[in-house]
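Engineer: sequence? don't have it. structure:
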């Protein structure tokens, strides 16, 4: 009888006091903030926020989906990223990404759109005329494209012609400097877009007028002797001293003896059509505007005669550490030449004289001989000024910017030295790419004959060249300053050539061959050899071409009369004469072309010389 009541009683107790069921707050939950996302056919990406009550993980995704990141996480909100692969299908493809959190599950649908043809041409419009005008974009797509203009470009509504949409652009006239914009071409939903870059040329006529106004302002225009119509609304052609061509471009400016004062403004370089410039006889001071020497008409200005001469006590000059560019490379990558000077005092930094004149003379010498003459367009040329308190190099490193001096008071000794670390520090002020592949020349303000090229294992070279005017009795001296520049700077510094002197009557020691072999392995001193057989010399391949029958093995080089050989009897590296041997010409050509990533083969050199 008792057992009959036990079970019902236990059931009642369990109903009242038994195990507690799960509450809503403790149920597993996981959900996405959206039900579907779309990604493009071009490996498109998308994202959605997942919120979970506890640890979760991705348990399923379509096979065509590249990734889901992250694939697991903890309680809280997490942004999931979805990435597709490139898809070439004509129809959209869809699949589900499933995530579980305990017993709960969340699903989001991923749809990858089919590939849509969308091509805009041209992709870029470069140097559109400053006068403005019309341009047109062609858009190949399966929808009507839209184009967003800018302040100076307006876009028409797309019009379909055959299978292509046309968008007309109206580009406004440019009132000033060159400008550029980026137009966005896209579909209505913003799923597809492409940007078209547009640049517009400078309004050169207006820029030239602005340059004249800057000259008037900076050079004391209110005090000029004559300034008829300057800075008025009257045509520039009527302004005193200004000449223009049929297009309105300023081609001449004559303000000589007109009481100009102050410094020339940088805007003067905007006078890009200028062919004649006369500024002598005024009271101009300061430095020459940066880039003025690179103006298209510079060579015709004859600055030494028509610009630099000013009234007594005035004049244009360079200052210490000033970098001036005399030439800009128009071919290749731009090989750098840096010219510096020592023992040039303040008066010697006056433009048109002293250091500036010697720089011009040095440049002429560098490019006087082949192959430098025909390869001039490969080079940038910079000059860096350094002011000294004295104006003559001596036999002690006293009071000059770089401490350059002759190593002996004996005039038969031509060796010179300098504080090379400071020279390279100044050379580095120029925007050079690599001093190891540059020609660095230090001009020494002295009339004494000499010349030295210092070298370092990293490939750097520094040539010290005095401003020698002739008069010494040596054979080398007969070719003067130009011969020194060509021998030291072009030959030693840039070509990495060794001496071909052979006047001391001595024989090269046994160690010379091994020392020379090390140099040859680095590409140095390839103009000399210890091999007496032509077929074993570095120039054997050029000789074998048959193009240069004068090539041989001529004994005497490297300062030794015996045991060392050169390729020709005569060469600049022998006695500074204005001629490089065929082999030296090839080595210079090869270095120029190699630094420019161009063909430097012997065959290309022979063709170069023939043409």
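Structural biologist: Perfect, thanks for sending it. What you see is a predicted model; the values in this text were computed from it and never measured.
Engineer: so residue 31 makes contact with residue 49?
Structural biologist: No: between residue 31 and residue 49 there is no contact under CB atoms under 8 Å: 9.4 Å. Any C-beta I mention is one placed from the backbone N, CA and C, and that applies to glycine too.
Engineer: So which of these two has more stuff around it?
Structural biologist: residue 31 (17 against 12; other CB atoms under 10 Å).
Engineer: May I have the phi/psi pair for that one?
Structural biologist: phi -160, psi 150 (degrees, to the nearest 10).
Engineer: contacting residues around it?
Structural biologist: Going by CB atoms under 8 Å, 6 or more residues apart in numbering, residue 31 touches 50, 51, 106.
Engineer: One more: residue 329?
Structural biologist: So residue 329 contacts 335, 377, 378, 379, 380 (CB under 8 Å, 6+ apart).
Engineer: ok, the second one touching residue 327?
Structural biologist: No: between residue 377 and residue 327 no contact is recorded; they are 9.1 Å apart, counting by CB under 8 Å.
Engineer: Neighbour count: these two, which is higher?
Structural biologist: Taking neighbours as other CB under 10 Å, residue 377 and residue 327 compare with residue 327 leading, 17 against 12.
Engineer: Apart from its chain neighbours, what residue comes closest to the more buried one?
Structural biologist: Leaving aside its chain neighbours, residue 327 sits nearest to residue 381 (3.9 Å; criterion: CB to CB, 6 or more residues apart in numbering).
Engineer: Neighbouring strands - and their directions - for the helix or strand harbouring that neighbour?
Structural biologist: Element membership for residue 381 (DSSP states H and E) is strand 379-384. As defined by DSSP bridges, the strand partners of strand 379-384 come to strand 323-327 (antiparallel), strand 335-342 (parallel).
Engineer: what would those strands look like in TSV with mean pLDDT and distance to residue 114?
Structural biologist: What follows is those, written out as TSV (pLDDT from 0 to 100; distance: least, CB to CB, whole Å):
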stretch	mean pLDDT	distance to residue 114
strand 323-327	96	56
strand 335-342	98	53
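Engineer: Now do the phi/psi pair for residue 443.
Structural biologist: phi -90, psi 120.
Engineer: contacting residues around it?
Structural biologist: With CB under 8 Å, 6+ apart, residue 443 has these contacts: 339, 340, 341, 342, 355, 358, 359, 362, 465, 466, 467.
Engineer: residues near the last one, how many?
Structural biologist: Right, the one you point to is residue 467. By other CB under 10 Å, neighbour count at residue 467 equals 22.
Engineer: Return the per-residue confidence for it.
Structural biologist: Reported pLDDT at residue 467 in the predicted model: 92.
Engineer: what's the spacing between it and residue 355?
Structural biologist: For residue 467, the distance to residue 355 equals 10 Å [CB to CB, to the nearest Å].
Engineer: Tell me the residues that contact both of the two, please.
Structural biologist: 443, 445.
Engineer: residues in contact with the residue nearest to residue 344 when sequence neighbours are not counted?
Structural biologist: Nearest non-adjacent residue to residue 344, counting by CB to CB, 6+ apart: residue 355, 4.4 Å away. Applying CB under 8 Å, 6+ apart to residue 355 gives the contacts 318, 341, 344, 348, 349, 383, 385, 443, 445.
Engineer: can you pull out the helices in the chain?
Structural biologist: 2-17, 204-218, 298-301, 303-306, 354-366, 420-427, 480-484, 511-521, 540-544, 572-575, 582-595, 602-610 (DSSP state H).
Engineer: got any ranges where this protein has weak pLDDT?
Structural biologist: 1-26, 470-477 (pLDDT under 70).
Engineer: how's it carved up into domains?
Structural biologist: 28-112, 118-200, 204-306, 323-494, 511-610 (automatic domain parsing).
Engineer: To residue 313, which of these lies closest?
Structural biologist: domain 204-306 (8.1 Å; CB to CB).
Engineer: how far is the closest one from where the chain is centred?
Structural biologist: Between the centre of domain 204-306 and the centre of its chain there are 30 Å (CA atoms, centre = their mean, to the nearest Å).
Engineer: what do you get for stretch 167-183?
Structural biologist: 27 Å.
Engineer: now the end-to-end length of that stretch.
Structural biologist: 12 Å (CA to CA, to the nearest Å).
Engineer: Contacts for that stretch, please.
Structural biologist: By CB under 8 Å, 6+ apart, the list of residues contacting stretch 167-183 reads 128, 130-137, 139, 145, 147-150, 152-159, 185, 195-203, 206-207, 210.
Engineer: List the ones among those that fall in strands.
Structural biologist: Assignment to strands by DSSP state E places the following of the contacts of stretch 167-183 there: 128, 133-137, 139, 147-148, 153-155, 159, 185, 195-200.
Engineer: Now, of those, which are buried?
Structural biologist: 128, 135, 137, 139, 147, 153, 155, 185, 196, 198, 200 (16 or more other CB atoms under 10 Å).
Engineer: Nearest to residue 586 among those residues?
Structural biologist: Looking across these and measuring by CB to CB, the closest to residue 586 is residue 128, at 45.5 Å.
Engineer: For the closest residue in space to the closest one that isn't next to it in sequence, which residues are in contact?
Structural biologist: Counting by CB to CB, 6+ apart, residue 128 lies nearest to residue 200, which is 4.6 Å off, once chain neighbours are set aside. By CB under 8 Å, 6+ apart, residue 200 lies in contact with 127, 128, 129, 130, 132, 152, 171, 174, 178, 179, 180.
Engineer: Could you tell me how many residues sit around the nearest residue to residue 269 once chain neighbours are set aside?
Structural biologist: Closest residue to residue 269 apart from its sequence neighbours, by CB to CB, 6+ apart: residue 291 at 4.8 Å. The burial count assigned to residue 291 is 14, neighbours taken as other CB under 10 Å.
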